[in-house]
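Engineer: sequence and predicted structure are below.
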Amino acid sequence: MFCDEGSLYVTIFPMTHVLIGYARCSTDKQDLAVQRETLLNLGIAAERIYTDKGFTGTTRTRPGLDQALAAVRRGDTLVVPKLDRLARSVPDARAIGDDLAARGVRLQLGASVHDPSDPMGKLFFNILATFAEFEADLIRMRTREGMAVARAKGKLRGKKPKLSERQQKELRRMYDTGDYSISDLAAVFSVSRPTVYRTLVRLAAVPATEA
């Protein structure tokens, strides 16, 4: 549009409204395909979708989320498939929501736009955040219980030593002779120096015996 101010013409461009998408999964084995498809169906361009893979919702340091938050400008909308993809704790969800509102950025959860100025919308947002945190706590509790049961049944053990029991005893015997350095033992058994140290510490109270 042009405004006639004497000989001065001013061009006024309409403000653009950009949709920025964000998706996250907690482990590298999980797939982001469903979340990406949801965001694409909501109208977000593929190049405007930021993702994090292998980051939990309780971990605030998420490169993809940081990029998405940096990409949105006043008047834009940040879109996430569900609130638990954005945050899984009430304080974090509120902090992100408040920051976006202060910057004039809308937050869309699925097909619903969160309006922080609406009391009912704010209440619903807090309820969703509480459930997301509750679900995260349940998962952690079930994981701990499952590990405890597996450990009690002998199904969960520590990392398997790189050397067999026989090799560990031989390594200790060779070390006790005083003729071999840590580096020598690492070369003989094709392991790292830290592995040699760990083996010696593990067998510190075990008498070395000849194989």
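Structural biologist: That came in fine, so what should we check first?
Engineer: how does this protein divide into domains?
Structural biologist: For the chain, automatic domain parsing gives the domain ranges 19-139, 165-202.
Engineer: tell me what the top strand by length along the chain is packed against?
Structural biologist: As assigned by DSSP state E, the longest strand anywhere in the chain is strand 19-25. Packing partners of strand 19-25 (3 or more C-beta pairs under 8 Å, 6 or more residues apart in numbering; DSSP states H and E): helix 33-41, strand 49-53, helix 63-71, strand 77-80, helix 83-86. All C-beta spots, glycine's among them, are computed from the backbone N, C-alpha and C.
Engineer: pull the last one out as CSV, backbone CA atoms only.
Structural biologist: The one in question is helix 83-86. Taking Å, rounded to 0.1, in the frame of the first residue of the first chain, the C-alpha atoms of helix 83-86 are listed here in CSV:
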residue,chain,number,x,y,z
LEU,A,83,2.9,-30.4,25.4
ASP,A,84,5.1,-33.3,26.7
ARG,A,85,7.2,-32.9,23.6
LEU,A,86,8.1,-29.4,24.7
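Engineer: check which element follows that helix along the chain.
Structural biologist: helix 90-102 (DSSP states H and E).
Engineer: for that following helix, packing partners?
Structural biologist: When contacts are defined as 3+ C-beta pairs under 8 Å, 6+ apart, helix 90-102 packs onto helix 63-71, helix 83-86, strand 106-109, helix 119-152.
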